[in-house]
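Q: can't give you the sequence, but here's the structure:
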């Protein structure tokens with residue numbers, strides 16, 4: 001998949017940079033900007049400029065892509081193994097509620113504790129920590145329970161009524 005995308009990108013770059021390629025457009029002509037007349041024998045000194053420019057473009061593209069892939073490889077090798085998303089067994093956001101226009105409270109589960117955190121413009125502050133296993137389990141179950149309100153629940157209820165399965 002990635003190789004195919006890379007081949008297509010290189011092919012498109014070659015077609016667009018080649019002087020007689022598909023993307024080339026004729027230059028506008030103006031009497032003030034008339035092309036200079038080449039001196040006799042100047043073409044012999046330059047050589048095949050179309051091939052030379054294509055090789056230059058392909059070489060530059062290969063160099064840039066090589067540096068990019070080397071950077072990605074280096075980043076992956078130097079990144080710590082534990083760097084990434086925490087598993088839900090270790091940390092989980094259970095929900096949030098808005099207190100004011102600029103302040104919210106978040107209910108977070110961290111291991112076997114539940115934290116109530118106030119988040120505002122000034123930052124975050126822990127309001128309380130719940131460590132009682134029964135209370136933690138009750139709060140987690142309440143937050144994971146599907147909510148009866150909301151658009152998704154309303155659509156589900158409408159579709160079930162259409163099928164003849166009423167939830168209420």
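A: Done, it's in. Bear in mind that the values here come from a model prediction, so they are computed numbers and not experimental data. Numbers count the residues shown, from 1 in each chain.
Q: quick one: average pLDDT of stretch 107-114?
A: What stretch 107-114 shows for mean pLDDT is 92.
Q: Now that stretch: buried residues?
A: Across stretch 107-114, burial judged by 16 or more other CB atoms under 10 Å covers 107-109, 114. (Glycine included, C-beta is placed from N, CA and C.)
Q: Show me which of those residues is closest to residue 80.
A: Nearest to residue 80 among these is residue 108, at 23.3 Å by CB to CB.
Q: Using the record's domain definitions, break this protein down for me.
A: 1-23+51-79, 91-145 (automatic domain parsing).
Q: The shortest one - what's its average pLDDT?
A: Mean per-residue pLDDT for domain 1-23+51-79: 78.
Q: Return the set of buried residues in the helix ranked longest in the chain.
A: Criterion DSSP state H: the longest helix present in the chain is helix 49-78. Using 16+ other CB under 10 Å as the burial criterion, the residues of helix 49-78 that qualify are 54, 57.
Q: which residues are contacting the following helix or strand past that helix?
A: Next helix or strand after helix 49-78 toward the C-terminus (DSSP states H and E): strand 91-100. If you take CB atoms under 8 Å, 6 or more residues apart in numbering as the criterion, strand 91-100 is touched by 104-111, 114, 118, 139-140, 143-144.
Q: at 7 Å instead, please
A: Contacts to strand 91-100, defined as CB atoms under 7 Å, 6 or more residues apart in numbering, come from residues 104-110, 139-140, 143.
Q: What is the subsequent helix or strand relative to it?
A: strand 103-110.
Q: Sheet-wise, list the partners of that next one with their directions.
A: When pairing is defined by DSSP bridges, strand 103-110 lines up against strand 91-100 (antiparallel), strand 113-120 (antiparallel).
Q: Highest mean neighbour count out of the ones you listed?
A: strand 113-120 (a mean of 16; mean count of other CB atoms under 10 Å).
Q: So what touches that strand?
A: Contacts for strand 113-120 (CB under 7 Å, 6+ apart): 102-108, 124-131, 136, 139.
Q: Would you show me how to pick out the buried ones of those residues in PyMOL?
A: For the buried members of these, the matching PyMOL selection, counting by 16+ other CB under 10 Å, is:
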select buried, resi 106+107+108+130+136+139
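Q: coming back round to it: out of the strands paired with strand 103-110, which is closest to residue 72?
A: strand 91-100 (27.9 Å).
Q: Just give me the closest of the buried residues of stretch 107-114 to residue 155.
A: Distances from residue 155 to the buried residues of stretch 107-114, taken by CB to CB, are shortest for residue 107, at 26.3 Å.
Q: thinking again about what came up before, turn the domains of the chain into JSON lines, including distance to residue 85.
A: JSON lines is the format used below for those (distance: least, CB to CB, whole Å):
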{"stretch": "domain 1-23+51-79", "distance to residue 85": "13"}
{"stretch": "domain 91-145", "distance to residue 85": "9"}
